[in-house]
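>>> Any chance you can model this:
(one chain, ligands or ions: 1)
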Amino acid sequence: MRSIYFDHSGTTPVHPAVAEEMYRYLTGDNFGNPSSVHQYGLQIRKKVMEAREKVAQALGSGAGEIVFTSGGTESDNMAIHGAAHTNKNKGNHIITSAVEHHAVLNTVKTLGKAGFDITILPVDQYGMLSVDDVAAAVTDKTILITIMHANNEIGTILPTAEIGKLARERKIIFHVDAVQSFGKIPVDVEYLGADLLSLSGHKIYGPKGAGVLYIRKGTRWRQTLFHGGAQERLRRAGTENIPGIMGLAKAVELAVENRETESARLIGLRDKLIQGLTSMEDVRLTGHPTKRLPNHASFLFKYIEGESMLLSLDMKGIAASTGSACTSGSLEPSHVLTAMGVPPAEAHGSLRITLGKDNTEDDIDYFLEVIKPIVEKLRDMSPLKD
Ligand SMILES: Cc1ncc(COP(=O)(O)O)c(C=O)c1O
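The predicted model follows:
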């Protein structure tokens, strides 16, 4: 049976060159602790510095502004908690959007429970945030705006650069979750006007459990989550995950090298897929029709449960996702689709196809061939369709 992986927003396979780089730091004499003063430590410290420079170059930042973390969730938590608590004396208002990843949304809500004043801005039917809404929400107590660069469920690219400009003019700290956009569209901290920016290794053919938090020099931000050693210049306590850092830096290097050609190729495949699926009856695209990630196609199928579609596709060797959250066995409708005004019953019929480096036109043809009978069969059985 064919085996096709269409869930690259969920995670990606580790690139062989990344695995090779990581293996180097799991074997031989490359086990040193970068905080040690002997040769073992010094040699690794130098390598970590080179990795930091590589990541900094990719983001258009200085190497001293890069902190290695355990992934996107930690970077988001560190960014938001650090900015909020460090600036409490200036104000207590935080702005975010209704379509953020839970790593941001739940962190902001936690701060709301702790006494911060939070504004969660609505989006339109494409999951797009209005810059005017952000401007209107700002008060003289606003200390942080945290907005994602591109949405993981629907692929919409948000107007982060304009929001960054607005934040800069008002001297408000701006955090960007760039976990889904990095490697697919340009991510430059100057262009985006980001003071804080999160990346994750496993979305870019790097390792799981490795990420980056960019912290602009001069930003009023202090580490408030982990208490321990002085690693990462007091910004992230704990002995560094050396194989993870080295693998992540390699993945970043490859992502930068391949981005333009690979994104152009994926746009071609994505558009063929969108064309094929939206020509079916009662199927519509979710997210913005043009301002969307090159590899991202997401849909709503009327009268069908997304989960049933996933199981049927899996039996045909195709791994996709619904893009919605599943909590303790009971399906909650996706907060992103709900925020876009999709009724809960319809939100359950979501399907997300996210393409990656090994996908070919043949995969799209095969998918379009097998999805049609699956949809027909599920609709025939559906109690939702009379
Ligand atoms: C937009 C976004 N932010 C944050 C995360 C969390 O990243 P990690 O899995 O590295 O914790 C994800 C992962 O799906 C994501 O899509």
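
>>> Show me where this structure has its strands.
For the chain, the strands defined by DSSP state E occupy 4-5, 66-69, 93-97, 117-121, 142-148, 173-177, 196-200, 211-215, 283-286, 296-301, 318-319, 326-327, 330-331, 350-354.

>>> mind checking which of those is nearest the ligand?
With CB to the nearest ligand atom as the measure, strand 196-200 is the member of the strands of the chain nearest the ligand (3.3 Å). For the C-beta atoms, the positions are set from N, CA and C on the backbone; glycine is no exception.

>>> Roughly how far does V179 sit from L355?
The spacing between V179 and L355, counted by CB to CB, to the nearest Å, is 17 Å.

>>> who's more crowded, the two?
Counted by other CB atoms under 10 Å, V179 and L355 do not tie: V179 has more neighbours, with 29 against 26.

>>> residue contacts, the more buried one?
Residues counted as contacts of V179 (CB atoms under 8 Å, 6 or more residues apart in numbering) are G72, H101, M148, N152, S198, L199, S200, K203, G211.

>>> Those also near the ligand: which ones?
Among those, proximity to the ligand is found for G72, H101, M148, N152, S200, G211 (CB under 6 Å from any ligand atom).

>>> Going by distance to I163, which of those wins?
Minimum distance to I163 across these is 10.7 Å, recorded for M148 (CB to CB).

>>> roughly how far apart are the closest residue in space to the closest one that isn't next to it in sequence and V187?
Of all residues not flanking M148 in the chain, D177 sits nearest, at 4.2 Å (CB to CB, 6 or more residues apart in numbering). Remark: distance between D177 and V187 (CB to CB) = 11 Å.

>>> what's near enough to touch the closest residue to F116 other than its chain neighbours?
Distance criterion CB to CB, 6+ apart; nearest residue to F116, sequence neighbours excluded, is N92 at 4.9 Å. Counting by CB under 8 Å, 6+ apart, N92 touches G115, F116, D117, K141, I143.

>>> Closest to P373 out of these?
Proximity to P373 was ranked across these by CB to CB; first place goes to F116, at 51.3 Å.

>>> Isn't that closest one up against G91?
No. Counting by CB atoms under 8 Å, F116 does not reach G91; the two are 9.4 Å apart.

>>> Mind checking which of the two has more residues around it?
When F116 and G91 are compared for neighbours, F116 comes out ahead with 21 against 17, by other CB under 10 Å.

>>> which residues touch that one?
With CB under 8 Å, 6+ apart as the criterion, the residues that contact F116 are A84, N92, H93, I94.
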